[in-house]
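Asker: give me the fold of what follows.
(one chain, ligands or ions: 1)
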Amino acid sequence: MHMDTKVFPDFDSLSRAAMDETMRIVHQAVQQRGRFSIALSGGETPNGMYRLWAQEPYRQQTPWKQVHLFWGDERYVPHDDPLSNFWLARENFISRVPIPPQNVHPMPTVSAPPDESAKTYESELRNFFGIDAPEIDLQLQGLGQEGHTASLFPGSPALEEKQRWVLAVEVPATPPQRITLTPVVLNRGRNTIFLVSGASKREIIAALRNASDSQASQYTAARIQPPGGVLWMLDKAAAG
Ligand code: 6PG
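Answerer: Got it, this is the predicted structure:
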């Protein structure tokens with residue numbers, strides 16, 4: 001399948017380039033619509049970028065009052081559990097920047113059953129974005145070795161979802177219980193970046209590149225095709 005790809009020498013330069021691209025989109029969104037929304041991801045890969053966000057020049061250049069943080073997926077664990085995607089972002093940057101607390105929109109987890117948490121988050125999205133499915137300014141996506149993104153794993157019934165914006169899902173990973181945005185939302189993003197690092201991703205990147213469009217659809221990541229386009233940012237180790 002066609003992939004709009006940029007390759008960087010290593011993890012640090014990848015993280016810096018992702019942060020630069022994020023800042024460009026922040027300023028464009030704030031200028032055009034008065035606010036910027038991002039769906040953050042979990043996993044290891046975004047940590048470098050998150051840490052940079054709390055450092056200069058990025059911290060100073062960010063109009064924090066206009067920035068709204070959402071999550072693309074969350075592990076169904078307490079927010080102070082190191083497995084939590086919210087915890088990861090909070091440790092790496094949110095606790096170190098002057099963002100108004102009401103601009104931080106984590107997915108609720110263990111205070112309610114998973115399906116209820118998913119519905120509560122969908123209501124929060126509706127309050128913020130309105131009745132039409134959101135066009136998130138920047139969707140930051142990770143890629144799993146088997147081609148998953150967010151908590152949408154290959155073969156998941158959530159991939160066929162046509163109504164709900166947020167679903168509780170069980171996945172073949174740790175922890176198995178997750179909350180995830182569905183393709184109803186992820187296929188509307190204004191900007192989408194897949195951030196992929198490390199030699200463990202080389203095989204799946206090659207598989208995606210070499211697959212025909214119909215073959216690629218077995219991989220969740222290939223099914224995220226929003227009108228704003230998708231940019232694949234890779235380090236050399238992942239790109240091969
Ligand atoms: C999660 C994710 C997930 C992640 C990929 C890549 O919560 O697990 O959001 O989709 O982005 O599994 O993870 P790594 O960056 O750790 O490879």
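Asker: can you pull the contacts of Met107?
Answerer: 71, 73-74, 85-86, 117, 121, 166, 179 (Cβ atoms under 8 Å, 6 or more residues apart in numbering). (Each C-beta comes from the backbone N, C-alpha and C, glycine too.)
Asker: now with 10 Å, please.
Answerer: Going by Cβ atoms under 10 Å, 6 or more residues apart in numbering, Met107 touches 70-76, 79, 84-86, 117-118, 120-121, 124, 166, 178-181.
Asker: check the spatially closest residue to it that is not a sequence neighbour and give its pLDDT.
Answerer: In this structure, Met107 finds its nearest non-sequential neighbour in Glu74, 3.8 Å apart by Cβ to Cβ, 6 or more residues apart in numbering. We have a pLDDT of 98 for Glu74.
Asker: now Glu74, which residues is it bridged with?
Answerer: The partner list for Glu74 in beta bridges (DSSP bridges) reads Ile179.
Asker: how near is it to the ligand?
Answerer: The gap separating Glu74 from the ligand is 7 Å, by Cβ to the nearest ligand atom, to the nearest Å.
Asker: and that residue, how many neighbours?
Answerer: For Glu74, the count of nearby residues is 29 (other Cβ atoms under 10 Å).
Asker: among the contacts of Met107, which lie within strands?
Answerer: The strands, defined by DSSP state E, take in 70-71, 73-75, 166, 178-181 from the contacts of Met107.
Asker: what about the strands in the protein?
Answerer: Secondary structure of the chain by DSSP E: the strands cover 4-8, 36-40, 67-71, 73-75, 138-141, 166-170, 177-181, 192-196, 230-235.
Asker: name the residues that touch the shortest one?
Answerer: For strand 73-75, the surrounding residues in contact (Cβ under 10 Å, 6+ apart) are 39-43, 81, 83-88, 106-109, 117-118, 121, 141-142, 148-152, 166-167, 169, 171, 173-181, 186.
Asker: apply 8 Å and report the result again.
Answerer: Strand 73-75 is contacted from outside by 41-42, 81, 83-86, 106-107, 109, 150-152, 175, 177-181, using Cβ under 8 Å, 6+ apart.
Asker: go ahead and build a ChimeraX selection from the buried members of those.
Answerer: Remark: buried members of the contacts of strand 73-75, expressed as a ChimeraX selection using 16 or more other Cβ atoms under 10 Å:
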select :41,42,84,85,86,106,107,109,150,151,152,177,178,179,180,181
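Asker: and this structure, which residues reach the ligand?
Answerer: Residues of the chain lying close to the ligand by Cβ under 6 Å from any ligand atom are 41-45, 73, 75, 85, 142-144, 148-150.
Asker: are any of these buried, and which?
Answerer: Among these, the ones that count as buried by 16+ other Cβ under 10 Å are 41-43, 45, 73, 75, 85, 142-144, 148-150.
Asker: dump the strands of the chain into CSV; add distance to Met49 as well.
Answerer: Below are the strands of the chain laid out as CSV (distance: least, Cβ to Cβ, whole Å):
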stretch, distance to Met49
strand 4-8, 12
strand 36-40, 10
strand 67-71, 13
strand 73-75, 17
strand 138-141, 8
strand 166-170, 24
strand 177-181, 19
strand 192-196, 7
strand 230-235, 10
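Asker: quick revisit: now, the contacts of strand 73-75 that are in helices?
Answerer: Judged by DSSP state H, the subset of the contacts of strand 73-75 located in helices is 85-86.
Asker: ok, the closest residue to Thr22 other than its chain neighbours - contacts?
Answerer: The shortest distance from Thr22 to any non-neighbouring residue, by Cβ to Cβ, 6+ apart, is to Leu138 (6.3 Å). Listed by Cβ under 8 Å, 6+ apart, the contact set of Leu138 reads 22, 25-26, 29, 36-39, 189-193.
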